[in-house]
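Q: below are the sequence and a predicted model; questions follow.
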Amino acid sequence: MLDFLDATLLARLQFAFTVSFHIVFPAFTIGLASYLAVLEGLWLWRKDDTYLTVFEYWKKIFAVTFGMGVVSGIVMSYQFGTNWSVFSDKAGPVVGPLMGYEVLSAFFLEAGFLGVMLFGLKRVGPKLHFLATVMVAIGTLFSAFWILSVNSWMQTPAGYAINDVGQFIPADWWAVVFNPSFPYRLVHMIFAAYLTTAFIVGGVGAWHLLKNSRDHGARIMFSMAMWMAAIVAPLQIVAGDFHGLNTLEHQPAKIAAMEGHFDTRKGAPLILFGIPDEADETVNYAIEIPHLGSLILTHEWDGEIKGLKEWPREDRPPVFIVFWSFRIMVGIGFAMAALGLWSLWHRMRGRLFENKWLHRAAVALGPAGIVAVLAGWITTEVGRQPFTIYGLLRTADSVSPLEAPAVAASLVAFFVVYVSVFGAGIYYLLKLMRKSPDAGLADIEFGPTRAAGITPAQAVSAEVGDLTGKGGDHGN
């Protein structure tokens, strides 16, 4: 009955399951590390302990998330040797050094300064501590750089040669690292990480504002998050457009699956919704806008878009999954931009902290960045099928020579352990987020405002006024 679950499919499911858990944590910590650096920099600049309070609040959450990201990443990497040994053998000369550079330049940098950031404020002083926080933030960006370079090379391989035993070897490292899709993927992912963090921070801040609109720490969090949403979400839409044009050039079959086009057409419509039918090679119940697909993808009213019929069936990606994951990602992106603009409208009216419907919407969209990252990853990786190295190495030829029961057993074990361990970690994170940011005001014993004789409450009131352009004590 389950004969279709062969070793290759089970290995793909196992990698998809583990990487889905893992990718959430780096996406959050990349943005959160930068957010912590900004908070501490503002604390030193403005001499306002409110920023330190919010910094301490999110620092604990960062530490737990970073730990889960490291553990899930290590477990995931083992699968290259267990389930994907043929891929590792053939692509190892290129992929191995790139992943090694990530460890040397990113992980070591993060690990070296993480302890100082978490525990060293009173020991090394504010300035050195701020340097450590900045180094951790830079380390997360370096990590994204190298991991995105690896993934992008698998999507758009360049700068390689093939030796006598069929291995991919580097012929031009610059071309390998800066392969054709890498700059677009890097920008798109960094923006995604910042938006993921902004909406989690904004959702937590909004949740506390619904309970107490005078929660000063929550006001700081919500205001900063909504600035990020208003600025970066529209930029992400623009970056996504450039990324789409690059994908159309280098992976046209993926674009055809994303858009639901089976036939090559000039002036192709934009299919908003529908049900792709791969057997009949059509999209049933399609709701479409004429010519808009060509206009978006080619920037021409009658531009030609290749359909999936241009490729043999065995070379096409799974259309249904890619079609809908892409729409989920894009839909969330526009919802994020809409919330950012909505918050900007209320900020201009001086009611950023008073509009309950805005706060409810922010709470509802709190996990939106995580869902969008997962949907984007599914679009990227499933859209690359049936290849691990696009157009060169098929997924079926990359898997280890294992029997299906062995892979199935490890998949079940991963599921049980991940749900229990990471479920407990996520529960603890939510428990930390439930605590009011203002609860930490009384715990701040080291800060420039105390040295100046300013109480945290006074600093908060002044700071809220700075953030909103209004007085902090007028309910704005």
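A: Yes, it's here. Everything numeric in this text was worked out from a predicted model, so none of it was measured.
Q: so how far is Val419 from Ala406?
A: Ala406 sits 21 Å away from Val419, going by Cβ to Cβ, to the nearest Å. For glycine as for every other residue, the C-beta is placed from the backbone atoms N, C-alpha and C.
Q: the more surrounded of these two?
A: Neighbours were counted for Ala406 and for Val419 using other Cβ atoms under 10 Å; Ala406 has more, 14 against 11.
Q: which helix or strand contains the more buried one?
A: In this assignment (DSSP states H and E), Ala406 forms part of helix 404-434.
Q: now do the buried residues in that helix.
A: Residues of helix 404-434 classed as buried: 404, 407-408, 410-411, 414, 418, 422, 425, 429, 433 (neighbour count, 16 or more other Cβ atoms under 10 Å).
Q: then stretch 32-45?
A: For stretch 32-45, a neighbour-count test (16+ other Cβ under 10 Å) marks 32-40, 42-44 as buried.
Q: one more: stretch 110-119?
A: 110, 113-114, 116-118.
Q: which of those fall within helices?
A: Here DSSP state H is the test, and these give 110, 113-114, 116-118 as lying in helices.
Q: of all these, the one with the weakest confidence?
A: Checking pLDDT across these, the minimum falls on Glu110 at 84.
Q: can you name the residues that contact that one?
A: 66, 135-136, 139-140, 143 (Cβ atoms under 8 Å, 6 or more residues apart in numbering).
Q: and Met336, how many residues sit next to it?
A: Number of residues near Met336 (other Cβ under 10 Å) recorded here: 27.
Q: end to end, how far does stretch 387-394 reach?
A: 4 Å (Cα to Cα, to the nearest Å).
Q: now do that stretch: distance to the chain's middle.
A: Distance of stretch 387-394 from the chain centroid (Cα atoms, centre = their mean, to the nearest Å) equals 24 Å.
Q: again, but for stretch 267-286
A: In terms of Cα atoms, centre = their mean, the gap separating the centre of stretch 267-286 from the centre of its chain is 28 Å.
Q: next: stretch 142-150.
A: How far stretch 142-150 lies from its chain's middle: 13 Å, per Cα atoms, centre = their mean.
Q: what do you get for stretch 287-296?
A: When distances are taken as Cα atoms, centre = their mean, stretch 287-296 is centred 28 Å away from the chain's centroid.
Q: just the buried positions in that stretch, please.
A: Buried residues in stretch 287-296, counting neighbours by 16+ other Cβ under 10 Å, are found at 288, 291-296.
Q: just the C-alphas of it, formatted as CSV.
A: Output of stretch 287-296 as CSV, limited to C-alpha atoms (Å, rounded to 0.1, in the frame of the first residue of the first chain):
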residue,chain,number,x,y,z
ILE,A,287,-9.1,33.3,-12.0
GLU,A,288,-6.7,35.4,-14.1
ILE,A,289,-5.9,38.9,-15.3
PRO,A,290,-5.1,39.1,-19.0
HIS,A,291,-1.5,40.1,-20.0
LEU,A,292,-0.5,40.9,-16.4
GLY,A,293,1.7,37.8,-16.1
SER,A,294,3.8,38.8,-19.1
LEU,A,295,3.9,42.4,-17.9
ILE,A,296,5.3,41.4,-14.5
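Q: and the contacts of it?
A: Residues outside stretch 287-296 that contact it (Cβ under 8 Å, 6+ apart) are 241, 244, 259, 261, 265-274, 300-305.
Q: same thing with stretch 317-330?
A: By Cβ under 8 Å, 6+ apart, the residues outside stretch 317-330 that reach it are 240, 253-254, 257-260, 273-276, 278, 283, 308, 371-372, 375-376, 378-379, 382-386.
Q: hang on, the earlier thing: next step: the buried residues of stretch 287-296 restricted to strands.
A: Using DSSP state E, the members of the buried residues of stretch 287-296 that fall in strands are Glu288.
Q: out of the contacts of stretch 287-296, which are inside helices?
A: Taking DSSP H, the ones among those that sit in helices are 241, 244, 259.
Q: I'd say the last one and Leu272 touch.
A: Read it as Glu259. No. Between Glu259 and Leu272 there is no contact under Cβ atoms under 8 Å: 10.7 Å.
Q: in terms of neighbours, single out the busier of those two.
A: Taking other Cβ under 10 Å, Glu259 and Leu272 do not tie; Glu259 has more neighbours (25 against 13).
Q: per-residue pLDDT of the more buried one, please?
A: Confidence for Glu259, expressed as pLDDT, is 92.
Q: could you find the closest non-adjacent residue to it?
A: With sequence-adjacent residues excluded and distances taken as Cβ to Cβ, 6 or more residues apart in numbering, Glu259 is closest to Gly293, at 5.8 Å.
Q: how much space between that neighbour and Val64?
A: 43 Å.
Q: got the buried residues of stretch 287-296 as CSV, with distance to Trp342 and pLDDT columns?
A: Formatted as CSV, the buried residues of stretch 287-296 follow (distance: Cβ to Cβ, whole Å; pLDDT from 0 to 100):
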residue, distance to Trp342, pLDDT
Glu288, 28, 91
His291, 30, 90
Leu292, 25, 90
Gly293, 28, 88
Ser294, 31, 89
Leu295, 27, 90
Ile296, 25, 88
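Q: now the lengthiest helix in the chain against helix 404-434, angle please.
A: The single longest helix within the chain, with elements called by DSSP H, is helix 7-46. Taking axes from the mean of the first three to the mean of the last three Cα atoms, to 10 degrees, helix 7-46 and helix 404-434 form an angle of 20 degrees between their directions.
Q: and helix 7-46, what other elements does it pack with?
A: Judged by 3 or more Cβ pairs under 8 Å, 6 or more residues apart in numbering; DSSP states H and E, the packing partners of helix 7-46 are helix 49-82, helix 126-155, helix 182-211, helix 368-382, helix 404-434.
Q: to Ala233, which of these lies closest?
A: helix 182-211 (6.1 Å; Cβ to Cβ).
Q: quick one: average confidence on the closest one?
A: The average pLDDT within helix 182-211 is 94.
Q: same thing with stretch 84-92?
A: Here the average pLDDT along stretch 84-92 is 91.
Q: run through who's touching that stretch.
A: Residues contacting stretch 84-92 (Cβ under 8 Å, 6+ apart): 11, 15, 80-81, 95-96, 154, 166-168, 388-389, 393, 397-401.
Q: buried among these? Need that as a selection in ChimeraX.
A: To isolate the buried members of the contacts of stretch 84-92 in ChimeraX, using 16+ other Cβ under 10 Å:
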select :11,15,80,95,154,168,388,389,393,398,399,400
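Q: give me the distance from stretch 153-173 to the chain's centre.
A: Taking Cα atoms, centre = their mean, one finds stretch 153-173 lying 28 Å from the centre of the chain it belongs to.
Q: got it, and stretch 198-208?
A: Counting by Cα atoms, centre = their mean, stretch 198-208 is centred 17 Å from the centre of its parent chain.
Q: okay, that stretch in PDB with CA atoms only?
A: What follows is stretch 198-208, C-alpha atoms only, in PDB (Å, rounded to 0.1, in the frame of the first residue of the first chain):
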ATOM      1  CA  ALA A 198       9.900  42.600  12.900                       C
ATOM      2  CA  PHE A 199       6.500  40.900  12.900                       C
ATOM      3  CA  ILE A 200       7.400  38.600  15.800                       C
ATOM      4  CA  VAL A 201       8.600  41.700  17.800                       C
ATOM      5  CA  GLY A 202       5.600  43.700  16.600                       C
ATOM      6  CA  GLY A 203       3.200  40.900  17.400                       C
ATOM      7  CA  VAL A 204       4.500  40.500  20.900                       C
ATOM      8  CA  GLY A 205       4.400  44.300  21.500                       C
ATOM      9  CA  ALA A 206       0.900  44.500  20.100                       C
ATOM     10  CA  TRP A 207      -0.200  41.700  22.400                       C
ATOM     11  CA  HIS A 208       1.000  43.500  25.400                       C
END
